[in-house]
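> The following comprises the amino acid sequence and a computationally predicted model.
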Amino acid sequence: MNYFISTNNKVLKLKLQGKITDDELLISLNEFAKKIAEDKIMVGVVDGKELTNTMELASKYSVISTLERLGFQRNCRFYIASNSPIEESRIVENIAFNRGWRLYMFESLVEATAAAEKFILNNSEVI
């Protein structure tokens, strides 16, 4: 699996490619959490559209349960583009929300990025 972390001044993006294992995902999320904390960015976009395999729902639950241990703060918002079926995406969102995380899943990276940018615009300060 390959992963790339990029940023602009408001959004941090994690791009995942290839075949992923649960351990590899945790490593990439740990690096992502470090960068979010370092740059003091509270909005993350995860692009999982180029993954060649999918995670089981139980694995997704496990990852959500470890977000705080990985270094993420609960005031972070995550916008995720994934290949998961829409029904499973809604279950994952509910699991995250029930644990105090703001995680939104989308079918395309364009939708995920637009939602993240809309959140930033709606919550920016007027100077």
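Done, it's in.

> Give me the buried positions along the helix of greatest length in the chain.
The longest helix of the chain (DSSP state H) is helix 22-39. Neighbour counts over helix 22-39 (16 or more other C-beta atoms under 10 Å) mark L25, S28, L29, F32, A33, K35, I36 as buried. Backbone N, C-alpha and C define where each C-beta goes, glycine included.

> Off-centre distance for the helix or strand just after that helix?
Counting by DSSP states H and E, the next helix or strand C-terminal to helix 22-39 is strand 43-51. Distance of strand 43-51 from the chain centroid (C-alpha atoms, centre = their mean, to the nearest Å) equals 6 Å.

> Likewise for stretch 30-38?
The chain centre lies 12 Å from the centre of stretch 30-38; the measure is C-alpha atoms, centre = their mean.

> quick one: the helices in the chain?
22-39, 57-70, 86-98, 109-122.

> low-confidence ranges in this protein?
Low-confidence segments of the chain, defined by pLDDT under 70: 1-9, 124-127.

> buried sites along stretch 50-65?
Buried-residue list, stretch 50-65, by 16+ other C-beta under 10 Å: L51, M55, K60, V63, I64.

> next one: stretch 87-100
Across stretch 87-100, burial judged by 16+ other C-beta under 10 Å covers E88, S89, I91, V92, E93, I95, A96.

> Hmm, the third one is touching L57, no?
This means I91. Yes: the pair formed by I91 and L57 meets the contact definition of C-beta atoms under 8 Å, at 6.7 Å.

> on that earlier part again, present the helices of the chain as a markdown table; the columns should include distance to I80.
Converted to a markdown table, the helices of the chain look like this (distance: least, C-beta to C-beta, whole Å):
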| stretch | distance to I80 |
| --- | --- |
| helix 22-39 | 11 |
| helix 57-70 | 10 |
| helix 86-98 | 8 |
| helix 109-122 | 6 |
